[in-house]
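>>> With the sequence up front, the predicted model follows.
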Amino acid sequence: MTPPALQPGLRWWLGLAASIGLIGVLLISLGWLLYEGTGVWGNNIPVTWALDIVSYDWWIGIACGALLVSSAMLLFGTPERDALNRITETVAVLAAVAAAVYPIIHLGRPWFFYWNLPYPNTMLLQPQVRSPLFWDAIDILAYLTISVSFWATGLLPDLARLRDRASERITEGDPDYENRRRLRARLYGVAALGWRGSAMHWHRWRQAMRCLAVLGLLIVPTLQSGAAVMFAGTVLPGWHDTIMPVSFLVGAVFSGVAAVALVSIVARSALRLQRSIDARPLALLAWLLLGLGLAELYCEAAGIYATLLGGDSTEIASLHRRLAGDQAWAFWTMLAAGPLAAQLFWLPFVRRSAAAIASLGASICLGMWADHFMVIVPALEHDFLPSSAHAYTIGFWGLATFAGSGGLFLFLLLVLLRILPAVVLSLRTQQDPHPAAQFKSPSHGAPLWGVAAEFDQPGRMIEAARQMMQEHGIVRPGISRLDLFSPVPLADADAALALASRGVPEAAVTGFLLGALSMFGYCATVSTTYYVLDIGGRPWFSWPSFIVPSVSSGLLCAALGTVGVLLVKNRLPRLNHPAFNIPNFNHASHDRYFLVLEGLVESFPAEKALAALHALQAGPVQISRVPR
């Protein structure tokens, strides 16, 4: 079966052309912005934050929601994750890339972006570490590290399968065509880092994926609550509300699931993935959107109730402007297109309709964009002083910049769907009863790395491994040289080989502690030595404000430690390995299983190893010597 990769048909080329056109609009918008200034967006005093922050928060919300859903499905073992995780994790990364358009260009003088970095400037000042703006910067960096690590680590086995499939199709045909095939195989091979699918590889890979999923679950509420504190920590009418961190988190997950539903169904139709993304994952997305719609309704109702209960005149006036002012369209669009539209999922036929789910997903994304606009702009238009009020009007260039960021997201999505599988391959096997041998067994005089037995069923390989362990006393496979290679992770392999690998979870915990303590010490030093200014009436050593960046820094270092130990202990990257000399080993990534005795010592020489493999009751398909 050909891996699910998008063939460049007419629809793909039309989508690519549209995305390139939108990227051109983005470049023109940014050029005009740099020439004229941020006023081209319609920003004014007091609405200094407008479509730039609205669009940035919207993209980050989608990214956070997608990451949280994928992480939760992995940790809870949700079966539907197999069909959705690749698209979900891709959306989590690409939405963050689209959001990255805004942080620097909205500064006004983006060529001085390095002023935000923690370094002693000419006045020996450091960044204000007690500011939520500093927290947000650390949160975003941690999110990017975790989401990219989660996505790239999950891709390794699939890249290995694509590498092997590309090499299988190399024949002696058209030289130009075969050269392209070889180039593709080499590129996939480099990207796979030499992944071989050994039992220890899979053991540590599963540990790393679980650790990264836990980090993903932690960074999303940290990031969203940190952003909400920037609003709720002020006294501005309409922002000073303790429900805002919860509302931000619910809205982010709501928009993230909606975007995943929309992209999944479009990819399902374009790539003919109806068998992979079937009714069950679609129903799961529908139920999630229904539940999150109810949660979003609760948050909105709780905010309105708290405002009316408090009886503060300025808060009530701010609420009135949201409901009936010049920008009231944002509130009613949010309500109608977002949580109210999600209530249609109570109807069974809506939950079963892919078109309905995609349409409502697009509607919810629009509603959540209006929600961010409703939170930011009306509150800034009017504060406590009537003389400071100034109406805001959406400008053409603000919309053009937002459309350009959408074009960037679409372009990257189309390219990745073209070169990478849209659904996970590493949890699926394909049986091929007659694989063609790609290598010849070496002669007896060649330097020997080990001997290998090939099996067509995982159960036979596991049974053979248990027999070898019992009859020959082979223990500690990392030293005794018994290893198993499979296209999918096998839980029985861990028990058969008595794997007790340590290192990945410990690296995550150690990285978190080192990162958190280092950031806390940095914040304390800066506040008491370099930035001894009275900000907001807080003391110099305002340790509660150090918690948020410390946690985010700890999560960032935990992700780096997890991926680092995974690569080091699996000895990756290693593009050339003796295991690749095993006959038919390019089938080990999709339909064959191998038991290998490697690095044979004098007490267990090659001839004895071959005799032991021939005596296996499981009946290997082929037994071969493997050169170094």
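Received the coordinates, thanks.
>>> Can you report how many residues neighbour residue 619?
Look at residue 619: counted by other Cβ atoms under 10 Å, it has 12 neighbours. C-beta here means a position set from N, CA and C on the backbone, and glycine is covered the same way.
>>> And the one 3 residues further on, by the same measure?
By other Cβ under 10 Å, 17 other residues sit near residue 622.
>>> show me what contacts residue 382?
237, 317-318, 321, 388-389 (Cβ atoms under 8 Å, 6 or more residues apart in numbering).
>>> What lies in contact with stretch 141-155?
Residues outside stretch 141-155 that contact it (Cβ under 8 Å, 6+ apart): 60, 63-64, 67, 70-71, 85-86, 89-90, 92-93, 96, 191, 205, 208-209, 212-213, 215-216, 219-220, 222-223, 420, 424, 552-553, 555-556, 559-560, 562-563, 566.
>>> do that again at 6 Å, thanks
Contacts to stretch 141-155, defined as Cβ atoms under 6 Å, 6 or more residues apart in numbering, come from residues 67, 89, 92-93, 96, 208, 212, 215-216, 219, 223, 552, 555-556, 559, 563.
>>> just the buried members of the contacts of residue 382?
Buried by 16 or more other Cβ atoms under 10 Å: 237, 318, 321, out of those.
>>> and these, which of them are in strands?
For these, not one is inside strands, with DSSP state E as the criterion.
>>> and those as CSV, adding distance to residue 287 and pLDDT?
Output for those, formatted as CSV (distance: Cβ to Cβ, whole Å; pLDDT from 0 to 100):
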residue, distance to residue 287, pLDDT
237, 37, 84
318, 35, 88
321, 35, 90
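>>> any chance of these in a markdown table, with distance to residue 13 too?
Formatted as a markdown table, those follow (distance: Cβ to Cβ, whole Å):
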| residue | distance to residue 13 |
| --- | --- |
| 237 | 50 |
| 318 | 49 |
| 321 | 46 |
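>>> out of the residues you listed, who's nearest residue 516?
Lowest distance from residue 516 to the buried ones among the contacts of residue 382 (Cβ to Cβ) belongs to residue 237, with 35.4 Å.
>>> For the strand or helix carrying residue 218, which helices and strands make contact with it?
In this assignment (DSSP states H and E), residue 218 forms part of helix 199-232. If contacts are counted by 3 or more Cβ pairs under 6 Å, 6 or more residues apart in numbering; DSSP states H and E, helix 199-232 sits against helix 51-75, helix 132-168, helix 244-270, helix 504-525, helix 547-569.
>>> Helix or strand next in line after the first one, which one?
By that I understand helix 51-75. Sequence order places helix 81-99 as the next helix or strand after helix 51-75, per DSSP H and E.
>>> what's in contact with whichever helix or strand comes after that following helix?
As assigned by DSSP H and E, the chain's next helix or strand after helix 81-99 is helix 102-105. Helix 102-105 is contacted from outside by 52, 56, 110, 113, using Cβ under 6 Å, 6+ apart.
>>> ok, the first one - how many residues close by?
When you say that, I think you mean residue 52. By other Cβ under 10 Å, neighbour count at residue 52 equals 23.
>>> That one is in contact with residue 107, isn't it?
No - look at residue 52 against residue 107 with Cβ atoms under 6 Å: they stay out of range, at 9.9 Å.
>>> chain center to the lengthiest strand in the chain: distance?
Looking across the chain with DSSP E, the single longest strand is strand 448-455. Relative to its parent chain, strand 448-455 has a centroid offset of 37 Å by Cα atoms, centre = their mean, to the nearest Å.
>>> Give the rounded mean pLDDT of that strand.
Across strand 448-455, pLDDT averages out at 88.
>>> Which helix or strand lies directly C-terminal to it?
Following strand 448-455 in sequence, per DSSP H and E, is helix 458-472.
>>> For the protein, which helix or strand comes out least confident on mean pLDDT?
helix 477-480 (a mean of 45; mean pLDDT, DSSP states H and E).
>>> Packing partners of the next helix or strand after that helix?
Sequence order places strand 482-485 as the next helix or strand after helix 477-480, per DSSP H and E. Secondary-structure packing of strand 482-485 (3+ Cβ pairs under 6 Å, 6+ apart): strand 593-598.
>>> so what's the closest residue to residue 280 other than its chain neighbours up against?
Sequence neighbours aside, residue 80 is the residue nearest to residue 280 in space, at 5.5 Å (criterion: Cβ to Cβ, 6 or more residues apart in numbering). Residues in contact with residue 80 (Cβ under 6 Å, 6+ apart) are 280-281, 284.
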